[in-house]
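**Student:** What follows is a protein structure lacking sequence information:
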């Protein structure tokens, strides 16, 4: 259903015409997600259980996702968003890291912490790339 004011797909996804959400916004939101994930403890995923009932049984109530895997997937998502925009320097940096990931694929299946370290290097390189592109402009604290 469409209106003159904007597009309505359903009530939760309403956006007016003036609420533009472009490529740069998507990239910056992905960076925010990566930073939020990395600012927490990157722990292995686990199942939360209810309090034991009178018979000592516990029910699974929630799965707490693996922060390390979430971080890796978030960095890979940012990489996929930016790959078409990479400059020469980023392509060279990216090539080294991707090559190392490929060469050590079997080892990294067992050592997720090392994979996180490599993905952190890739994220840092992408941040440097975005700074060169002028996407991470400094703003004063007064803004």
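**Tutor:** Received, thanks. Model, not experiment: these values are computed from the prediction.

**Student:** what are the phi and psi values for residue 41?
**Tutor:** phi -70, psi 130 (degrees, to the nearest 10).

**Student:** Grab the nearest non-local neighbour of it.
**Tutor:** Counting by Cβ to Cβ, 6 or more residues apart in numbering, residue 67 is the residue found nearest to residue 41 once chain neighbours are left out, at 6.6 Å. The way it works is simple: take the backbone N, C-alpha and C, and place the C-beta from them, glycine included.

**Student:** Repeat that for residue 94.
**Tutor:** Setting aside the residues directly before and after it, residue 94 is nearest to residue 86 in space (Cβ to Cβ, 6+ apart), at 6.4 Å.

**Student:** Hmm, that neighbour is touching residue 128, no?
**Tutor:** No. Counting by Cβ atoms under 8 Å, residue 86 does not reach residue 128; the two are 11.5 Å apart.

**Student:** Specify which residue of the two has the higher count of neighbours.
**Tutor:** Between residue 86 and residue 128, counted using other Cβ atoms under 10 Å, residue 86 has the larger neighbour count: 18 against 14.

**Student:** which element is the residue positioned nearest the centre of the chain on?
**Tutor:** Residue closest to the average C-alpha location in the chain (Cα atoms, centre = their mean): residue 74, at 2.3 Å. Here residue 74, judged by DSSP states H and E, is contained in helix 67-82.

**Student:** That helix - what's its average pLDDT?
**Tutor:** Averaging the model's pLDDT scores along helix 67-82 yields 92.

**Student:** Quick one: the helices in this protein, in order.
**Tutor:** 23-38, 67-82, 88-103, 105-110, 112-133 (DSSP state H).

**Student:** what about the residue nearest to the centre of the chain, distance to residue 31?
**Tutor:** Residue 74 sits 9 Å away from residue 31 when distances are taken as Cβ to Cβ, to the nearest Å.

**Student:** now do residue 71
**Tutor:** Computed as Cβ to Cβ, the residue 71 to residue 31 distance reads 13 Å.

**Student:** my guess is residue 38 meets residue 71, correct?
**Tutor:** Yes. Contact criterion Cβ under 8 Å: residue 38 and residue 71 qualify, at 5.6 Å.

**Student:** out of the two, which sits in the busier spot?
**Tutor:** More neighbours surround residue 71 than the other of residue 38 and residue 71, with 23 against 19 (other Cβ under 10 Å).
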